[in-house]
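A.B. asks: next input, structure requested:
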Amino acid sequence: ASLKGNLRPGSGPSAPAGRSLLPSSARAGRSHFGLSHLRATAAAEVEVDYDSVEIDNVRNCAIIAHVDHGKTTLVDKMLDACSESSEVDDGGDRAMDSMDLERERGITIMSKVTSMTWGGVKLNIVDTPGHADFGGEVERVMSIVDGVCLLVDATEGPMAQTKFVLMKALARGIKPLVVINKVDRDTTRVEDVETEVFDLMVNLGATDEQLDYSTIYASGRNGFATTEWPGKQTDNMNDLLDCIVDTIPKPTVLDRPEFSMVVTMIEYDSFLGRICTGRITSGEIKTGDAIQCLDQTSTKLEGGRCTKVMARKGTGKVELANARAGDIIQVCGLAKATVGHTICSPDVSDALDAPAIDPPTLCMTFCPNDSPLAGKDKKSTKLTSQMIKERLLNECENNIGITVSPSEDRSEAFDVMGRGELQLGILLENMRREGFEMGVCPPRVLYQKDDGGARLEPIEEVVVECDDEFSGAVISKLSDRKGVMMDMRPSAENGRTRITLEVPTRGLLGYRTIFFTDTRGSGILTRAFKSFEPYKGDLANIRKGVLVSMRSGDTSLYSLGKLQARGELFVDPGVEVYPGMIIGEHSRDNDLEVNPVEAKQLTNMRAAGSDDKVNLPPPRAFSLEEMIPYMQPDEMVEVTPSTMRLRKANLDGKKKK
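C.D. replies: Numbers count the residues shown, from 1 in each chain. This is a model prediction of the structure:
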């Protein structure tokens, strides 16, 4: 069973170019490689009957980590090792990132479940997001798994979101399997990272049993994992898969015959209807069984029959004749069940406990578009408040990190609450691509009150890594935003510094663009929600005024050429504008109304030098995530399928004054 000697020629950090590190016996007959390869093939080919799998042969595991530490790539290699299909429609990698936005941005947004078999054991693997804004996805999947693989980058070490997801796992009594990923890079510091992970677990209050964890060293990109580094190098994922089978406990279930499960995810199918995913807590289910849906107060919402039982396998689905307690499955047949509800047999009267989720920290108001250009986008198909309301309520059903309520300040508008501007920006981008047209008000922080009535605000832990020469500017800017520096130390890379700060959420709004400007694009900024703490005081004005159009029409090169001295422009010549639309940032702190549509007056008189060529710099381009925090309280964004426009909330300049 040993994988010793299983090395590829020229592999490893100390291997000379083109020279093998294999011992002479292995070079002679390649016997170690042959045995390892045969063993991996045999383990992957052991068939598991999904209909009759016993609870002792099921392992439920979530892959958790900070953003860009390699979760989705690692799952791809695990699927390949287990001979499961990991091909995607566009021929790319990251089979678990199925959404268009996930593939475009290279991030995971929604948690997803798949399964594979290894050595006669069924492995249910859950891939989770790494961004702090999608922390609700991590919190909800903790209730359906019995173990976690904690991925840590071998160079960066534990980051802000690593601490968040590890804290959630330890709070549920889960002992993590630590995977030090990307050990093949030149800048690795494996021993230091191991020490940092252990210290982090101690600081988070891990028990002695949780501190007795296993460690795997892996490279998701190159597809290998090993129990020792660099002493034992492999070219497969066998050690990781074996460790998951050996260290993660079998599922814990209720000892009763009646079927019950909590819905963790939902999806829709045009033929099957609503598909509910969750882990069976007790009993078993088969197609045709009578089932019911209970909300969190144990009130019956609907009853029906199970029309189909399915399970994820690789990148596809398999239909099951029946399923037993402890397994993660998908059930069809109910139209009202949503995340947090209990699907159970008619004999069950008490709902199961749903996972608790941290409260949202930001709120934005969505309303119908009321600008002069409303409805003129040819791609706009959904403009009414009723359509916007239905779409937002559907989002709430599957995304437990989002909360929607009617707005108290605007009619026919809705307050959407979430974890951060990235999460709300993703929702807006999805709606825009679906044909929605709407207006969006600026984000505002959600405060709480303590027992004495004092105001509490959300505080985030921010980790910044930048070149030494830029650290002063970063600390100065974040200090102006009520940030407090907690730690400062040299980074793993020479000439770079890692700074840890605690900053109010409202102080971070709009800072990301400033940060990349200050660090010349070389800085790394990560953040994670920490807690609610006493209000830190008002912020100084951290943004300049804007240039506001006072006329309708198409912008002219002649007019923009005269306005460029007033500040930075956001529009090109020939763009349609209207009164109240923001076309640039003023060089001073006050707003300035300008005429960007003025054309040059043509005459029959010649004048020397009057036809000078106008050189306009490229306008400043905003992404949706950059535009959202840029807004001031008296501004809003007009979002359509084709374009986005900044504007004043009140288009009448006289009323505004």
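A.B. asks: from here on, just use CA atoms for contacts and neighbour counts.
C.D. replies: Will do.
A.B. asks: show me where pLDDT drops low in the protein?
C.D. replies: 1-47, 85-99, 102-103, 105-106, 605-612, 653-657 (pLDDT under 70).
A.B. asks: longest strand of it?
C.D. replies: strand 455-467 (DSSP state E).
A.B. asks: list the neighbouring strands of that one plus their orientation.
C.D. replies: Strand 455-467 has the following strand partners under DSSP bridges: strand 448-449 (antiparallel), strand 496-504 (antiparallel), strand 524-534 (antiparallel).
A.B. asks: got the contact list for that strand?
C.D. replies: 159-160, 361, 445-450, 491, 495-505, 519, 522-535 (C-alpha atoms under 8 Å, 6 or more residues apart in numbering).
A.B. asks: name the element the closest residue to residue 354 other than its chain neighbours belongs to?
C.D. replies: Leaving aside its sequence neighbours, residue 354 sits nearest to residue 340 (C-alpha to C-alpha, 6 or more residues apart in numbering; 5.2 Å). Residue 340 belongs to no helix or strand when assigned by DSSP states H and E.
A.B. asks: my read: residue 340 touches residue 262, true?
C.D. replies: Yes. With contact defined as C-alpha atoms under 8 Å, residue 340 reaches residue 262; the gap is 6.1 Å.
A.B. asks: quick one: which of those two has more around it?
C.D. replies: Set residue 340 next to residue 262 and count neighbours by other C-alpha atoms under 10 Å: residue 262 wins out with 30 against 25.
A.B. asks: quickly list what the more buried one is bridged to.
C.D. replies: Bridge pairing for residue 262 - DSSP bridges - gives residue 279, residue 342.
A.B. asks: does it touch residue 343 like I think?
C.D. replies: Yes. Using C-alpha under 8 Å, residue 262 makes contact with residue 343 at a distance of 6.3 Å.
A.B. asks: show me the common contact partners of these two, please.
C.D. replies: Shared contacts of residue 262 and residue 343 (C-alpha under 8 Å, 6+ apart): none.
A.B. asks: stretch 63-72: end-to-end distance?
C.D. replies: 8 Å (C-alpha to C-alpha, to the nearest Å).
A.B. asks: hang on, I meant stretch 487-501
C.D. replies: End-to-end distance for stretch 487-501: 7 Å, by C-alpha to C-alpha.
A.B. asks: let's have the chain start at 141 instead
C.D. replies: With the count now opening at 141, the last piece we talked about shows up as stretch 627-641.
A.B. asks: residues in contact with it?
C.D. replies: Residues external to stretch 627-641 that are found in contact with it (C-alpha under 8 Å, 6+ apart): 295-296, 327, 329, 601-608, 611, 623-626.
A.B. asks: show the buried residues in those residues.
C.D. replies: Buried members of those, counted by 16 or more other C-alpha atoms under 10 Å: 295-296, 329, 601-607, 611, 623-625.
A.B. asks: save the residues you listed as TSV, and put in distance to residue 349 too.
C.D. replies: Listed next are those as TSV, based on distance: C-alpha to C-alpha, whole Å:
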residue	distance to residue 349
295	27
296	26
329	26
601	28
602	30
603	29
604	33
605	33
606	37
607	40
611	40
623	36
624	35
625	33
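A.B. asks: hmm, which two among those are most spread apart?
C.D. replies: Across the buried ones among the contacts of stretch 627-641, no pair lies farther apart than 329 and 623, at 29.4 Å, counting by C-alpha to C-alpha.
A.B. asks: which residues of the stretch 241-390 of the chain fall in helices?
C.D. replies: Under the criterion DSSP state H, counting those that start in this stretch, the stretch 241-390 of the chain carries helices at the ranges 275-281, 300-311, 330-343, 348-351, 378-387.
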